[in-house]
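Colleague: quick one: sequence plus predicted model below, questions after.
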Amino acid sequence: MEGVPQPWWRVSVAEALRLQREWAQRVCRELQLPYPPQTVAGVDAAYGRGMVWGTAIVLELPSLRVRDIAIAARKEEFPYIPGLLSFREAPAILQALESLSTAPDILLCDGQGIAHPRRLGIASHLGVLTGLPSIGCAKSLLCGRLEGELAAHVGSTAPVWDRGEIIAMALRTRANVKPVYVSIGHRVDMAFAVEFVLHCCRGYRLPEPVRLADAVSRKAARGESVEHLLLKTRTAS
DNA sequence: GCGACAG
DNA sequence: ATCTTGTCGC
């Protein structure tokens, strides 16, 4: 992306907040897909041995078959601060994405999209920096309040409001199980995001791309073998 | 000032 | 996120 300071993750908290407000203005909340996505990349990160381990795993659609995997390890450079998660995890995830053989059509992230104090959760952050459509799927809320009741059946939704706007939808992906919070990342609208996440769940609370990215990340972080999953690891500082 | 707070 | 055993329930 143009105009992005290179070591954008090596900044002060004040500068990080400024960058978020700036980049949040580049988020597109409308569906902009040239064609139905043929591949989705599930992305996540885990921690181990002083490193952040980012994973990008590409699945074919609508089958959800694994097509490609990439893992990247980087030193932990930014602390975890609620609201600034992407400054800690995005560098490793972006590096993993760059190591993929083929760019995915859309990103499914473990975390918030615009359901964020400054409307730039990690899903939106990754979407804006890569230019790819993205969706945020989080296990809990960072901000906002659930309005209304969420039915117990799969597929039911309830809006999450914050400062006068709907920033996410609580989505029941499994009957009688805590919902996940779906939000727009970049170049998608809420309706598409919810439908997409639901398609990826298949009986589990979390979407398959995210479950796999999570499993691979933590295995890599613990130094366990992930070769039986076709990998392309790359380490850097 | 106090409490909340993605992963 | 990570540290950790068994256990209750579909």
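Modeller: Okay, I see it. Numbering: from 1, shown residues only, chains lettered A, B, ... in the order given.
Colleague: give me phi/psi at the residue nearest the centre of chain A?
Modeller: Taking Cα atoms, centre = their mean, the centroid of chain A lies closest to A:C109, which sits 1.6 Å from it. Backbone torsions of A:C109, given as degrees, to the nearest 10, read phi -110, psi 150.
Colleague: and it, what pLDDT?
Modeller: Looking at A:C109, its pLDDT is 98.
Colleague: quick one, what contacts it?
Modeller: A:43-44, A:122-123, A:126, A:134-137, A:185, A:210 (Cβ atoms under 8 Å, 6 or more residues apart in numbering). Heads up, the C-betas are built off the backbone N, CA and C, glycines and all.
Colleague: switch the cut-off to 6 Å
Modeller: Applying Cβ atoms under 6 Å, 6 or more residues apart in numbering to A:C109 gives the contacts A:43, A:122-123, A:136.
Colleague: give me the beta-bridge partners of it?
Modeller: A:V43, A:G136 (DSSP bridges).
Colleague: that older thread, tabulate the contacts of A:C109 (a markdown table), appending distance to DNA strand C, pLDDT and neighbour count.
Modeller: Formatted as a markdown table, those follow (distance: Cβ to the nearest atom of the strand, whole Å; pLDDT from 0 to 100; neighbours: other Cβ atoms under 10 Å):
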| residue | distance to DNA strand C | pLDDT | neighbour count |
| --- | --- | --- | --- |
| A:V43 | 13 | 98 | 32 |
| A:I122 | 12 | 98 | 29 |
| A:A123 | 14 | 99 | 33 |
| A:G136 | 13 | 98 | 33 |
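Colleague: which of those sits closest to DNA strand B?
Modeller: When these are compared for distance to DNA strand B (Cβ to the nearest atom of the strand), A:I122 wins out at 4.2 Å.
Colleague: let me see the contact set for the closest one.
Modeller: A:85-86, A:109, A:111.
Colleague: count of residues packed around the residue lying closest to A:T157 once chain neighbours are set aside?
Modeller: Take A:T157 and drop its neighbours on the chain: the residue closest to it by Cβ to Cβ, 6 or more residues apart in numbering is A:M169, 4.6 Å away. Residues near A:M169, counting by other Cβ atoms under 10 Å, number 24.
Colleague: just checking the helix or strand hosting A:I93 against DNA strand B, any contact.
Modeller: Taking DSSP states H and E as the criterion, the element that holds A:I93 is helix A:85-98. Yes - Helix A:85-98 lies within reach of DNA strand B by Cβ under 7 Å from any atom of the strand, at A:85-86.
Colleague: for that helix, packing partners?
Modeller: strand A:39-48, strand A:51-60, strand A:66-75, helix A:122-130 (3 or more Cβ pairs under 6 Å, 6 or more residues apart in numbering; DSSP states H and E).
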